[in-house]
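Asker: Sequence and computational prediction follow.
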Amino acid sequence: MRYTSFTPFDLVLLAQGFGVTVALFVVTTLIGLLVGAALAVVRYYRVPVATQAILFLTELLKNSPVLVQLFLVFFGLPAFFHINVTPVVAATITLSANTAAFIYVIAVAGIESIDRDQVEAARVFGLTRRQVLRRVIAPQALAFAIGPLTALLVNQLQVTSLISVIGVVDLTKIGNILNLRTLQPFIVWTVIGLVYYVAAKLVAWLGSRLETRLRAYSAWKGL
Amino acid sequence: MRGPQSETGFNDWTECISVRFDLSFIAPEIGFLLQGAQLTIEVCFLALIGSLIMGSLVAIARTSAARPLRVIAYAYVDLFRNIPFIVQLFFFYYGLPVIGIYLDAFPTGVVALSIAGGAFASDVIRSGILAIDPGIIEAAEVSGLSKRVIFTRIVLPIALRTSIRPLGSVFINLILTSSILSTITLNELTGSARIVVSDTFRPFEVYVVLLLVYAALTYLISILIGVLHYRLNRNLGARVT
């Protein structure tokens, strides 16, 4: 057997790379959700200065290539602040920040999608601003935001492939390694692409299921 | 210009920034970075044309009456939207030579960007086509125009100009995506910044500047698209805002 041919162990490599991709995707999505929602809450309370700073930062993150953000965190931070940044840490920071910037926009749109009448009615009933956010706005905003959120997550799953450039051994990096060894680019990249495709479809499917679940409560059930 | 790092002795990182964030070292490299920027603009411009052509063709196929055409077009859009661009790029860059097509990084990048951008553009153009008042198309059919003329002279111009704003965000995405071409040895803006970093050992400053340049570039283009949208659609009045 030539060393260039595919072996069963390549499947283990593939699974490993996929595991790294999924793990980073899930972790950065969760951090991004928390941070993005927190930023939207800061905006809801109209905190001066912070709101403008958040707007500037999120716009910067949305309007620049993720690759450059990755390089800034991975090469720039260690050189400037004399700290150690491993590829996985750099990838986690960058992807979380990037996801948070997009989720902030979705969360703000979700909060603003609630009618002012509802907020005013709730205030008249004596709910505090905090209670309004928790009891009235959050559940409805979540149902509103789940559609755009799914589209965003499908996109962010693909963005994770960029972390291979700074040396995280994710699915794309495994593809690179297999490609260099077997010199069969068509087979290798087709398989890698299909794995990503299936994963993206899975995310979209989960999103649409969650959407129907969340919307079930607000759907008109008749008298 | 830059002292040995052990002698800086800063305790507080804010102090580091105020003293050490110095951009003067970039001045001699600006010419080189501009060359990279020019390459980025060339690639993006060609890819814009490519993805508009691809997008229009696929959008027509997706709205056509023939089912096989619709299925193929949908499969294309679905595949290229759900596979990471870097994987598509490697597929073309490493795959094409195997079947005997030898392309440089530049044409490969343009082709890959056009195909990926075309998938996104086709969705936009398709919704532009679907938004056209059926009465317009019926009127054209009644006037005895051929299918081809109706598409190229009536449907496509209307669809393209009403969807100029979403097409603009596709273009902005194209510019941001073009940074990935630096991974296949094309020294566009990001690629040349990487070279500057390895020459000057100042990654933080260079990448901060690069981030701001990309943001400024895309901001400028979004303004231009707003103007273009207004100019192209002013005779439509309040219907398109």
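Answerer: Good, I have the coordinates. Residues are numbered from 1 along each chain as shown, chains lettered A, B, ... in the order given.
Asker: so what secondary structure elements neighbour the helix or strand harbouring B:Val209?
Answerer: Using DSSP states H and E, B:Val209 sits within helix B:203-233. Secondary-structure packing of helix B:203-233 (3 or more CB pairs under 8 Å, 6 or more residues apart in numbering or on different chains; DSSP states H and E): helix A:50-62, helix A:66-71, helix A:77-81, helix B:156-162, helix B:164-177, helix B:189-200. No exception for glycine: its C-beta is placed from N, CA and C like everyone else's.
Asker: Could you save the ones you listed as CSV and add columns showing mean pLDDT?
Answerer: CSV is the format used below for those (pLDDT from 0 to 100):
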stretch, mean pLDDT
helix A:50-62, 94
helix A:66-71, 96
helix A:77-81, 90
helix B:156-162, 89
helix B:164-177, 94
helix B:189-200, 92
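Asker: With distance to A:Gly110 as extra columns, can I get these in TSV?
Answerer: Formatted as TSV, those follow (distance: least, CB to CB, whole Å):
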stretch	distance to A:Gly110
helix A:50-62	15
helix A:66-71	24
helix A:77-81	32
helix B:156-162	28
helix B:164-177	20
helix B:189-200	33
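Asker: Just say which of these is most tucked in.
Answerer: A comparison of the helices and strands packed on helix B:203-233 by mean neighbour count, using mean count of other CB atoms under 10 Å in any protein chain shown, puts helix A:66-71 on top with a mean of 26.
Asker: and that helix, what does it pack onto?
Answerer: Applying 3+ CB pairs under 8 Å, 6+ apart, we find helix A:66-71 packed against helix A:87-112, helix B:189-200, helix B:203-233.
Asker: same for the helix or strand where B:Phe106 lies, what does it pack against?
Answerer: Following DSSP H and E, the helix or strand that holds B:Phe106 is helix B:105-130. Under the contact criterion of 3+ CB pairs under 8 Å, 6+ apart, helix B:105-130 touches helix B:30-62, helix B:67-82, helix B:85-95, helix B:156-162, helix B:164-177.
Asker: Can you dump the C-alpha atoms of the third one in PDB for me?
Answerer: In other words, helix B:85-95. Extracted C-alpha coordinates of helix B:85-95, given in PDB (Å, rounded to 0.1, in the frame of the first residue of the first chain):
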ATOM      1  CA  PHE B  85     -15.700  29.500   0.800                       C
ATOM      2  CA  ILE B  86     -12.200  28.400   1.800                       C
ATOM      3  CA  VAL B  87     -13.200  24.800   1.000                       C
ATOM      4  CA  GLN B  88     -14.500  25.800  -2.400                       C
ATOM      5  CA  LEU B  89     -11.300  27.800  -3.000                       C
ATOM      6  CA  PHE B  90      -9.100  24.800  -2.200                       C
ATOM      7  CA  PHE B  91     -11.300  22.600  -4.300                       C
ATOM      8  CA  PHE B  92     -10.600  24.800  -7.300                       C
ATOM      9  CA  TYR B  93      -7.000  25.700  -6.500                       C
ATOM     10  CA  TYR B  94      -5.800  22.200  -5.800                       C
ATOM     11  CA  GLY B  95      -8.300  20.400  -7.900                       C
END
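Asker: Any residue of that helix touching chain A?
Answerer: Yes. Counting by CB under 8 Å from any CB of the partner chain, chain A is contacted by helix B:85-95 at B:85-88, B:90-91, B:94-95.
Asker: could you redo those residues as TSV and give each row pLDDT and neighbour count?
Answerer: Below are those laid out as TSV (pLDDT from 0 to 100; neighbours: other CB atoms under 10 Å in any protein chain shown):
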residue	pLDDT	neighbour count
B:Phe85	96	22
B:Ile86	96	25
B:Val87	95	23
B:Gln88	95	21
B:Phe90	94	25
B:Phe91	93	21
B:Tyr94	92	21
B:Gly95	89	19
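Asker: Closest to A:Arg181 out of those residues?
Answerer: B:Tyr94 (12.5 Å; CB to CB).
Asker: can I assume the closest one is in contact with A:Ile187?
Answerer: No. In this structure, B:Tyr94 is not within contact of A:Ile187 by CB atoms under 8 Å, at 11.1 Å.
Asker: what stretches of the chain score poorly on pLDDT?
Answerer: You didn't say which chain, so I picked chain A. The model of chain A has pLDDT under 70 over residues A:1-3, A:218-223.
Asker: hm, I was asking about chain B
Answerer: Chain B contains residues with pLDDT under 70 at B:1-20, B:236-241.
Asker: Can you get me a residue count around A:Lys173?
Answerer: Neighbours of A:Lys173 under the rule other CB atoms under 10 Å in any protein chain shown: 21.
Asker: residue contacts, residue 184?
Answerer: All of this refers to chain A. Counting by CB atoms under 8 Å, 6 or more residues apart in numbering or on different chains, A:Gln184 touches A:6, A:178, B:98.
Asker: ah, no, chain B please
Answerer: So B:Ile184 contacts B:89-90, B:93, B:105, B:108-109 (CB under 8 Å, 6+ apart).
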